[in-house]
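> I'll drop the sequence and a predicted model, then ask my questions.
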Protein chains: 2
Amino acid sequence: MNSYLIVTGGQIDDSFAIRWINEHSFEGMVASDSGMEFYKRAGIKPDMIIGDFDSVKAETLDFFRNKDNIHWIKLNPMKDDTDTEAAIRLAIENGAEDITLLGATGSRIDHMLANIELLGIGLERKIPMQIIDANNRIRMIDSGIVIREAEQFGRYVSLIPYSMEVKNVTLKGFKYTLENYTMHKFNSLGISNEITADEAQISFTDGIMVVVEAAD
Amino acid sequence: MNSYLIVTGGQIDDSFAIRWINEHSFEGMVASDSGMEFYKRAGIKPDMIIGDFDSVKAETLDFFRNKDNIHWIKLNPMKDDTDTEAAIRLAIENGAEDITLLGATGSRIDHMLANIELLGIGLERKIPMQIIDANNRIRMIDSGIVIREAEQFGRYVSLIPYSMEVKNVTLKGFKYTLENYTMHKFNSLGISNEITADEAQISFTDGIMVVVEAAD
C-alpha cells in the first residue's frame, strides 16, 4: 500500500505523532507549509514540501532548503484553496493509495472543518483518508465499515451525518444499535457510541457520514 | 432580546469567557452537565442545570445543590442525544430568542461537530445561535448576512458549505470576492477570507453555510 503522510500546520502533540509515525510506514511524507515545523522538531526529513510559506519560520525554510532529495512546490499565496488541499492533490498525483493527515486539527476551527471537507477528495477518488490527532481519528465514509474493537482508536465512536440524511443506517456491535434508521443532520443522535462486541458494523444505503473515534 | 447562554463541557479559556459574559447580558444562563465546573470557577450561578451528571465532579454538584433558585433537570444517561442538545431545547422552551454556546469546542472533535450540527436547531426555529471560544465564532446561515468589519470576531472569515452545495454565492467587501458562484463541499475554497471594506456581505440563493470568524 502506497501510504502517504501529510503534516499540516495545526496543533500537534509531538510525542503522540512521533509514536504514531514510528508505528506505521509511509511511502511518501509531505509537509504542508508550517507542517515543516513538526518534521524539524521530530528530526524527520519530508519527501515533499508544499505551501505558500507565509506561515513557516525563515530558519525552518532554510534548514530544509539545505537538505537534498526534497521535492519543493511553492504555491501562490493568493490561491483559492488551502495548502493542505494542494498537499492532498500532490500526494494523489504521486500515487498515494491512502493518506493520513496530522496537524489538521487545533484552535483554527475553520481549518479543521476545511480539512474534514477535504476527506471528501479521498471519497471521490476511492482513496482512504483519515485525520489523526492524539485524541481523535476522523474518517468520511459513503458505505459500510467494520471497526474491530481491538483496533479502535479511543473509547467512543461517533457518527455524524455529512449529507443532509443518511438512509437505512444499521449499527451492530454497539451499545446503541440502530436498524434501518434514517439519520438527519441538526441533531446529536450518533454521538458517543461504544463498541460492545469484538467488531462493530456500520452500514447504510445512501448518504455520507463522518466517523470520529475519540478518546475520553 | 431574550438571550440565553449555554455553557457545556468542552475546553474553556476562563479569562476570555468571563470577559465575554461580562460584555453581554443574558436572560437565562444554563449549565449543561460539566459546564457547571465553569460556572463554579467563574463565581456565576446558573439559572438552569441540565444533564445526566456523569461527567461532573461530585463536589460541584453539591456546591450548586445547596444554592437556591436553580432549576434542575436530570436526564437519563442512556438517552439518545447529548446534554447540549437537551440544553438547547430547554432554552428554547423557556423563550430563548438567541443562544450562545460556550465550552462547545475542545479536544473531543465529535462533540464539536455535534455542537455545530445543533446550530441547525436554531436555523429551523429562526433563533440565532452561535458557538464562541477564545479563537472562533461559529454560526450556521441559510440566507445572506452582513459582517461589519468593526464588529467582526478575529481576523479571518471562512465559509464552509454545510449543504452539498450553496448556490449563487456572492461575496462583497472581502479580499476574495465571488459572484453567483456555486460552492460545493469537498474543497477549501472559502477558507481564510478577510474583510476589506467597512462591511462584508455574504449572499446566496439556496443552501446552508457554516460561517467561522477566526483569530489568527
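Yep, that arrived.
> how near is the residue lying farthest from the centre of chain A to chain B?
Distance from the C-alpha centroid of chain A peaks at residue A:66, with 29.5 Å (C-alpha atoms, centre = their mean). Distance, residue A:66 to chain B, by C-beta to the nearest C-beta, to the nearest Å: 29 Å. Quick note: C-beta positions are derived from backbone N, CA and C, even for glycine.
> same check, this time on residue A:36
From residue A:36 to chain B the distance is 18 Å (C-beta to the nearest C-beta).
> Quick check: that residue touching residue A:49?
Yes: if you go by C-beta atoms under 8 Å, residue A:36 and residue A:49 touch, sitting 6.2 Å apart.
> Mutual contacts of the two, please.
Residues touching both residue A:36 and residue A:49 (C-beta atoms under 8 Å, 6 or more residues apart in numbering or on different chains) are residue A:64.
> Next one: the residue most central in space within chain A from chain B, what distance?
With distances taken as C-alpha atoms, centre = their mean, the residue of chain A nearest its centroid is residue A:131 (1.7 Å). From residue A:131 over to chain B the distance is 8 Å, taken as C-beta to the nearest C-beta.
> Report the beta-bridge partners for that residue.
Residue A:131 has these beta-bridge partners by DSSP bridges: residue A:101, residue A:138.
> Can you check the pLDDT for it?
Looking at residue A:131, its pLDDT is 98.
> Contact partners for it?
A:100-101, A:104-105, A:115-116, A:119, A:137-139.
> ok, now with 6 Å
Residues in contact with residue A:131 (C-beta atoms under 6 Å, 6 or more residues apart in numbering or on different chains) are A:101, A:104, A:115, A:138.
> Provide the count of other residues in contact range of residue A:16.
Using other C-beta atoms under 10 Å in any protein chain shown, residue A:16 has 14 other residues around it.
> That one in helix, strand or coil?
Secondary structure, DSSP: H, G, I helix; E, B strand; the rest coil: residue A:16 is helix.
> just checking, it touches residue A:134?
Yes: in terms of C-beta atoms under 6 Å, residue A:16 counts as a neighbour of residue A:134; the distance is 3.9 Å.
> For the residue farthest from the centre of chain A, give its distance to residue A:82.
27 Å (C-beta to C-beta, to the nearest Å).
> Which stretches in chain A count as helices?
A:14-23, A:35-42, A:58-65, A:83-93, A:109-125 (DSSP state H).
> Dump those helices into CSV; add mean pLDDT and distance to residue B:5 as well.
Below are the helices of chain A laid out as CSV (pLDDT from 0 to 100; distance: least, C-beta to C-beta, whole Å):
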stretch, mean pLDDT, distance to residue B:5
helix A:14-23, 97, 34
helix A:35-42, 98, 37
helix A:58-65, 96, 41
helix A:83-93, 97, 34
helix A:109-125, 98, 19
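> which stretches of chain A form strands?
For chain A, applying DSSP state E gives strands covering A:3-7, A:28-32, A:48-51, A:71-74, A:98-102, A:129-132, A:136-141, A:145-148, A:156-161, A:165-172, A:178-184, A:199-203, A:209-214.
> To what extent is residue A:100 buried, counted in neighbours?
Residue A:100, neighbours per other C-beta under 10 Å, totals 21.
> Spell out which parts of chain A neighbour chain B.
Within chain A, the positions adjacent to chain B are A:80-82, A:85, A:107-110, A:113-114, A:117, A:120-121, A:135-136, A:158, A:160, A:185-186, A:188-189, A:191, A:212, A:214 by C-beta under 6 Å from any C-beta of the partner chain.
> that older thread, the strands of chain A into CSV, with extra columns for distance to residue B:206?
Output for these, formatted as CSV (distance: least, C-beta to C-beta, whole Å):
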stretch, distance to residue B:206
strand A:3-7, 33
strand A:28-32, 33
strand A:48-51, 34
strand A:71-74, 36
strand A:98-102, 31
strand A:129-132, 29
strand A:136-141, 23
strand A:145-148, 32
strand A:156-161, 19
strand A:165-172, 17
strand A:178-184, 19
strand A:199-203, 31
strand A:209-214, 23
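> what does the domain assignment say about chain A?
Domain assignment for chain A by automatic domain parsing gives A:3-134, A:141-214.
> What is the neighbour count of the nearest residue to residue A:75 once chain neighbours are set aside?
Excluding the flanking residues, the one nearest residue A:75 by C-beta to C-beta, 6 or more residues apart in numbering or on different chains is residue A:52, at 4.6 Å. Residue A:52: 16 surrounding residues under other C-beta under 10 Å.
> So residue A:52 versus chain B, what's the distance?
Taking C-beta to the nearest C-beta, one finds residue A:52 at 11 Å from chain B.
> likewise residue A:67?
Residue A:67 is 28 Å from chain B, by C-beta to the nearest C-beta.
> is it possible to export the domains of chain A to a markdown table including distance to residue B:57?
Converted to a markdown table, the domains of chain A look like this (distance: least, C-beta to C-beta, whole Å):
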| stretch | distance to residue B:57 |
| --- | --- |
| domain A:3-134 | 24 |
| domain A:141-214 | 19 |
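> Since that was my last question, I'll sign off now.
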